[in-house]
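*Asks:* Have a look; sequence and predicted model below, questions after that.
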Amino acid sequence: MLTAEQTNRWLERFAEKIEANKDYLSELDGIIGDGDHGNNMARGIEEMRKKLQAADPANGSEVLKNASVALLSKIGGAAGPLYGTALLEMSKQMTEADDLSAVVKAGLDGVQKRGKAEEGEKTMVDVFAPVYRELEAGNLTVEAVEDAVEATRELKATKGRASYLGERSIGELDPGAVSIGYLFISLIEEGLTDV
Amino acid sequence: MKKIINEPSNVVDEMLDGFVYANGDRVKRIEDTTVIAQKDIQPNKVTLVSGGGSGHEPAHAGFVGKGMLQAAVSGEVFTSPTPDQVFEGIKAADAGEGVFLIIKNYTGDVMNFDMAKELAEAEGINVDYVIVDDDIAVEDSTHTAGKRGVAGTVFVHKILGAAADRGYSLHELKQLAVRLVLNVKSVGVAMTAATVPEVGKPGFTLADDEMEYGVGIHSEPGYKRTAIKSAEKIAAELTAQLKKAFDFQPGQEYALLINGLGATPLMEQYILANDVKKQLSNEAIAIPYKKVGNWMTSLDMNGVSLTMLKLEDDWVELLNHPVSVTDW
Ligand SMILES: Nc1ncnc2c1ncn2[C@@H]1O[C@H](COP(=O)(O)OP(=O)(O)OP(=O)(O)O)[C@@H](O)[C@H]1O
Ligand SMILES: [Mg+2]
């Protein structure tokens, strides 16, 4: 299992990326959604930071659980329940096994159970699922995450707000895919994929 | 952006406090939440909770009171409220006979309310729900998140609220709710888009001589952009869409709701009402219930929507059942 310190580093890096890209995420959402994804995520991240700083967790699982509660209570919209569920399921799985790919798989399963999206529907699942596969195969790289994010551009949205645009959603990145991409890129950049 | 606000990030909080200041005889704000709840909820009745993103005022807090909603939960502007807030709303409303949730069909709302339902059930509160999807501008197919919930939700609030007040059980309310949702349809038109305070510019742009049919209450795209038309022509298009969706049959009865989207003067809404009357008088249907005004708005959007509800049983009576709410 990741230690509390490692997990805090991972989520802090994620928080920095969300903050730095808040306007970018909202702009992306403005093109194919309702323009709030950056603001939603930034609200959640602010609460997550507060909660993580105040907490004294014993291990990585507890850190993820605290983060999940914070995100769930502040993001709102579609992303709130999805991030909240993903982190909660990862937290639970972390107590079961050391295998990081199993942890990510638990998060992916939670997101799919909650949002009912399959791969190819232009959502965060289109990054989550390939990340899990690469991780399991032992070769998850920043490039692989970025490729998965970029691949959402050509997809037509059939879930979430972007689905109202139909064909017109093709050609733009999915904002939730971009933000969840930051979560996994942060994991790699902190060197936590092979601990 | 010209708005009478302070910090854009504080609009919801400040609005709720102002709402309670004005209507404190009837409602209260549950401390540290975005829940507006009815004061003195009667015991031993099923209670109703609704809500969603803010920016649709008077929905939903304006409908809190005896005979309609017992609690309304507000999210950020145009953003679904979080599960913990909806759960607070459920707890505030619960009077021991179960709580019924009225949810508009958006991915965010459905997931957040669903998680709140799980939290409430874990604490032993009986919860059931209905998802309203009345906007016929969107195709209901596997290729979209489904039809959106718009102004027809207000009829669902009113009728279910009356039924709960008359002592319907949670199960009976659910059965009624399912029939209501099958029988309510709406379609709108926008002249301008709404400006979300934190965004600072309109959600889309229409030229001065353009309008768009089928726009959603969060500036979702519609089905047809055209040169601006007279009220008469707009009434003809909107009623034609509803006629097609319902397949009007002689002898049917409908309730009618003309809903302003925020920046359309009542004068224009009544002009449209007059033209809708002319259109519907060509049909062999009766309209025993009509209502005109701002019920489910979209901030400062200039536009209107038309909702029709095909009436069954005693639904007109339930629409006319007395309520004590801020906005009806
Ligand atoms: N069913 C789903 N499954 C997985 N991911 C989804 C689903 N629906 C939406 N998403 C993700 O959520 C992102 C949008 O999140 P956002 O925070 O903007 O919420 P929203 O849809 O605007 O909610 P609201 O309508 O309440 O404002 C999308 O880019 C997509 O990645
Ligand atoms: Mg959005």
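*Replies:* Structure's in. What do you need? Ligands and ions are numbered 1, 2, ... in the order given.

*Asks:* Show me which residues of chain A are close to ligand 2?
*Replies:* Neighbours of ligand 2 within chain A, by CB under 5 Å from the ion: A:29, A:33-34, A:36-37. In this view, the C-beta of every residue, glycine as well, is placed from N, C-alpha and C.

*Asks:* just those that are near ligand 1?
*Replies:* Residues of the residues of chain A next to ligand 2 in contact with ligand 1 (CB under 6 Å from any ligand atom): A:29, A:33-34, A:36-37.

*Asks:* Point out where the chain drops to low pLDDT.
*Replies:* Reading this off chain A. Within chain A, the set of residues satisfying pLDDT under 70 is empty.

*Asks:* You answered for a different chain; I wanted chain B.
*Replies:* B:140-141.

*Asks:* count of residues packed around whatever residue of chain A ends up closest to ligand 1?
*Replies:* Chain A approaches ligand 1 most closely through residue A:176 (2.0 Å), counting by CB to the nearest ligand atom. As a burial measure, residue A:176 scores 34 neighbours (other CB atoms under 10 Å in any protein chain shown).

*Asks:* Next up, the contacts around it.
*Replies:* Neighbour list for residue A:176: A:37, A:78-79, A:82, A:123-124, A:160 [criterion: CB atoms under 8 Å, 6 or more residues apart in numbering or on different chains].

*Asks:* How much space separates it from chain B?
*Replies:* For residue A:176, the distance to chain B equals 11 Å [CB to the nearest CB, to the nearest Å].

*Asks:* Quick one: residues contacting residue B:288.
*Replies:* With contacts defined as CB under 8 Å, 6+ apart, the neighbours of residue B:288 are B:253, B:255, B:311, B:316.

*Asks:* ok now the helix or strand where it lies, how far from the chain's centre?
*Replies:* Element membership for residue B:288, per DSSP states H and E: strand B:286-293. What separates the centre of strand B:286-293 from the centre of its chain is 16 Å, taken as CA atoms, centre = their mean, to the nearest Å.

*Asks:* Mind listing the strands that strand pairs with, and their directions?
*Replies:* Within its sheet, and counting by DSSP bridges, strand B:286-293 is paired with strand B:253-260 (parallel).

*Asks:* now the angle from the next helix or strand after the strand it pairs with to strand B:286-293?
*Replies:* Note on strand B:253-260: by DSSP H and E, the next helix or strand toward the C-terminus is helix B:266-280. If you take axes from the mean of the first three to the mean of the last three CA atoms, to 10 degrees, helix B:266-280 sits at 160 degrees to strand B:286-293.

*Asks:* Quick check: which helices or strands does helix B:266-280 pack against?
*Replies:* Applying 3 or more CB pairs under 8 Å, 6 or more residues apart in numbering or on different chains; DSSP states H and E, one finds that helix B:266-280 contacts helix B:231-246, strand B:253-260, strand B:286-293, strand B:303-310.

*Asks:* Near ligand 1, which residues of the stretch 51-200 of chain B are found?
*Replies:* Residues of the stretch 51-200 of chain B lying near ligand 1 (CB under 6 Å from any ligand atom): B:53, B:78-80, B:106-108.

*Asks:* before we move on, the earlier item: now for the ones next to ligand 1 among the residues of chain A next to ligand 2, which pair is the farthest apart?
*Replies:* Spanning the widest gap among these are A:34 and A:37, at 8.4 Å by CB to CB.

*Asks:* Alpha carbons of stretch A:135-148, in CSV - could you do that?
*Replies:* Extracted in CSV, the C-alpha atoms of stretch A:135-148 (Å, rounded to 0.1, in the frame of the first residue of the first chain):
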residue,chain,number,x,y,z
LEU,A,135,-0.6,-0.2,-15.4
GLU,A,136,-1.4,-3.9,-15.4
ALA,A,137,1.0,-4.5,-18.3
GLY,A,138,3.6,-2.6,-16.3
ASN,A,139,4.2,0.2,-18.8
LEU,A,140,2.2,3.2,-17.8
THR,A,141,3.9,6.4,-18.9
VAL,A,142,2.9,10.1,-19.0
GLU,A,143,2.8,9.7,-22.8
ALA,A,144,0.3,6.9,-22.6
VAL,A,145,-2.0,9.0,-20.4
GLU,A,146,-1.7,12.0,-22.7
ASP,A,147,-2.5,9.8,-25.7
ALA,A,148,-5.6,8.5,-24.0
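
*Asks:* right, quick check: that stretch against ligand 1, any contact?
*Replies:* No: against ligand 1, stretch A:135-148 shows no contacts by CB under 6 Å from any ligand atom, the least distance being 12.3 Å.
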